[in-house]
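Colleague: Here is my input; please provide its structure:
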Amino acid sequence: EPDDADVTGGAEAPWYCDDGGYSMDNGVVETEHYTLYFELDDDEEALQMARLAEAAYDAFSVYFDAEPPELPLVANWYGDFPSFVAALEADGITAPDAGGYYWTGTSQAYMYTQPTIYFSRMLFLHELAHQFHHLARTGNGGRDSWYSEGVAEYLSRHDWDGECTRLGRLPMLTWEDYPAEAL
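Modeller: Got it, this is the predicted structure:
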């Protein structure tokens, strides 16, 4: 258990863990706090992402010093962009040209598989962070994008060992070269 609200940061940042024990039924994993839908070829990856979501939920609740008033939270991970677009359109949402989306109208997070495992997992946490933030702290209302995107980007950078996570971490290696893009 963390002893303070610092869920991110230096080497002493706390780890948040989940021991799993989940099963999948028709692409859906139910956890204590989430209903997660996955279109993945690898059921073990889906179950691992359910563990990551639960571990992150605990870190989010400390970071935001609040919890969403209604559970379960619903998130959807699609296998490709056309499936992502179709799901959003089925929910009456105009699909953005993005890898993921949190929509306040449904209170659901949506995303699709990205080119690398880390980036897919990072995007998953990014959308879960938006969902948690909006539901726990904003009354599910909008905020300036620079703020809400900054929080989600920060929290989505993570360490994950298969059971425990730390959020707000600087990855040692990524597909993208963020410093070069910033310059």
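
Colleague: Give me the most central residue, the chain.
Modeller: Centroid check for the chain by Cα atoms, centre = their mean gives Leu125 as the closest residue, at 2.1 Å.

Colleague: contacting residues around the residue lying closest to that residue once chain neighbours are set aside?
Modeller: Closest residue to Leu125 apart from its sequence neighbours, by Cβ to Cβ, 6 or more residues apart in numbering: Ser156 at 4.2 Å. C-beta here means a position set from N, CA and C on the backbone, and glycine is covered the same way. Applying Cβ atoms under 8 Å, 6 or more residues apart in numbering, we find Ser156 in contact with 122-123, 125-126, 129, 167.

Colleague: Also Cys164?
Modeller: Contacts of Cys164 by Cβ under 8 Å, 6+ apart are 15-18, 55.

Colleague: Repeat that for Gly20.
Modeller: 47, 50-51, 163.

Colleague: at 6 Å instead, please
Modeller: Taking Cβ atoms under 6 Å, 6 or more residues apart in numbering, we find Gly20 in contact with Arg51.

Colleague: which residues of this protein score low on pLDDT?
Modeller: For the chain, applying pLDDT under 70 flags the ranges 1-12, 171-179, 181.

Colleague: need the strands for it, in chain order.
Modeller: Listed in chain order, the strands of the chain (DSSP state E) span 16-17, 24-25, 28-30, 34-38, 73-78, 100-103, 108-112, 158-160, 164-167.

Colleague: The fourth one versus strand 73-78: what angle between them?
Modeller: In this case it means strand 34-38. Strand 34-38 runs at 10 degrees relative to strand 73-78, counting by axes from the mean of the first three to the mean of the last three Cα atoms, to 10 degrees.

Colleague: Now do strand 34-38: which elements does it pack against?
Modeller: Contact partners of strand 34-38 among helices and strands, from 3 or more Cβ pairs under 6 Å, 6 or more residues apart in numbering; DSSP states H and E: helix 43-64, strand 73-78.
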